[in-house]
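[1] give me a 3D structure for the following:
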Amino acid sequence: MRRLLHAILVGLVGAGIVHIAVLLLVPQFSGQSAWARLAATSGPYTMTALKAETGGAPAVRSVDPLFAAAACRFDLADGMAHVKGPAGESAATLPFWSVSVYDGSGNNIYSFNDHAASKGRLDAVVLTPTQMNEVRKDLPEEYQGSVFIEAPITDGMLVVRAFISDESWRPSVTRFLEQSSCEPRQP
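    Here you go, the predicted model:
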């Protein structure tokens, strides 16, 4: 019986030590979120390539080497976030691209890809439900082919990923991501 109580006591003390260590390490790891790293490297409404710069660490590591990605932080208190691909047919000729919208905590709110976009073009508007009501009253001409993403958030991040099926596609994909824009707009 004494050995059992001793084992239980040692187990509880060990669990307490592990619990305290985890709590003390949380601040160190919470500052290394994708949001924090992207905020440190670029401002809001700036498309930032998610790749390693020469001699530097990437803002956010891309998990799949067959995809290139760019991200844009936005604040819907400033207005809607309008993300557009480059003019022309370049987005429609890529093998595959997708867009994901995340809240400030990193939760995926919405995703779509080139098959859901009008004519395969990157043109999306992220807005709050209140802003959506304003836009519905009189839809501007520039939003006729846009994908509307109604998000119940204030701050967020939009990530555009493009598939690189082989190295011959890398220049087209890189150009597509570099020429994409992310801008605040008023409803």
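[2] what's the following helix or strand after the lowest-mean-pLDDT helix or strand in the chain?
    Least confident helix or strand of the chain, by mean pLDDT, DSSP states H and E, is helix 90-93 with a mean of 61. Once the chain leaves helix 90-93, the next helix or strand it forms, by DSSP states H and E, is strand 97-103.
[3] tell me what that following strand is packed against?
    strand 108-113, strand 155-163 (3 or more CB pairs under 8 Å, 6 or more residues apart in numbering; DSSP states H and E). No exception for glycine: its C-beta is placed from N, CA and C like everyone else's.
[4] tell me the strands beside the last one, with direction?
    Paired strands of strand 155-163, with direction, are strand 67-75 (antiparallel), strand 97-103 (antiparallel) (DSSP bridges).
[5] now that strand: average pLDDT?
    Throughout strand 155-163, pLDDT has a mean value of 92.
[6] stretch 11-26 now?
    Here the average pLDDT along stretch 11-26 is 86.
[7] now it - C-alpha only, CSV.
    Output in CSV follows, covering the C-alpha atoms of stretch 11-26 (Å, rounded to 0.1, in the frame of the first residue of the first chain):
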residue,chain,number,x,y,z
GLY,A,11,3.3,10.9,-10.4
LEU,A,12,1.4,14.0,-9.1
VAL,A,13,4.6,15.9,-8.4
GLY,A,14,6.0,15.0,-11.8
ALA,A,15,2.7,16.1,-13.5
GLY,A,16,2.8,19.4,-11.6
ILE,A,17,6.4,20.0,-12.7
VAL,A,18,5.5,19.3,-16.4
HIS,A,19,2.4,21.5,-16.1
ILE,A,20,4.4,24.5,-14.7
ALA,A,21,7.1,24.1,-17.4
VAL,A,22,4.5,24.1,-20.2
LEU,A,23,2.9,27.2,-18.7
LEU,A,24,6.2,29.0,-18.5
LEU,A,25,7.1,28.1,-22.1
VAL,A,26,3.7,29.3,-23.6
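[8] thinking again about what came up before, let's have the strands paired with strand 155-163 in CSV, adding mean neighbour count, mean pLDDT and distance to Leu4.
    Listed next are these as CSV, based on neighbours: other CB atoms under 10 Å; pLDDT from 0 to 100; distance: least, CB to CB, whole Å:
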stretch, mean neighbour count, mean pLDDT, distance to Leu4
strand 67-75, 22, 92, 54
strand 97-103, 21, 93, 48
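[9] which of the helices and strands packed on strand 97-103 sits most buried?
    strand 155-163 (a mean of 22; mean count of other CB atoms under 10 Å).
[10] and the helices in this structure?
    Using DSSP state H, the helices of the chain run over 2-30, 34-41, 90-93, 129-137, 170-179.
[11] okay, now the domains of this protein?
    Structural domains assigned to the chain are 1-30, 43-185, following automatic domain parsing.
[12] most tightly packed of the ones you listed?
    domain 43-185 (a mean of 16).
[13] where does the prediction get shaky in the protein?
    The model of the chain has pLDDT under 70 over residues 27-35, 52-63, 88-92.
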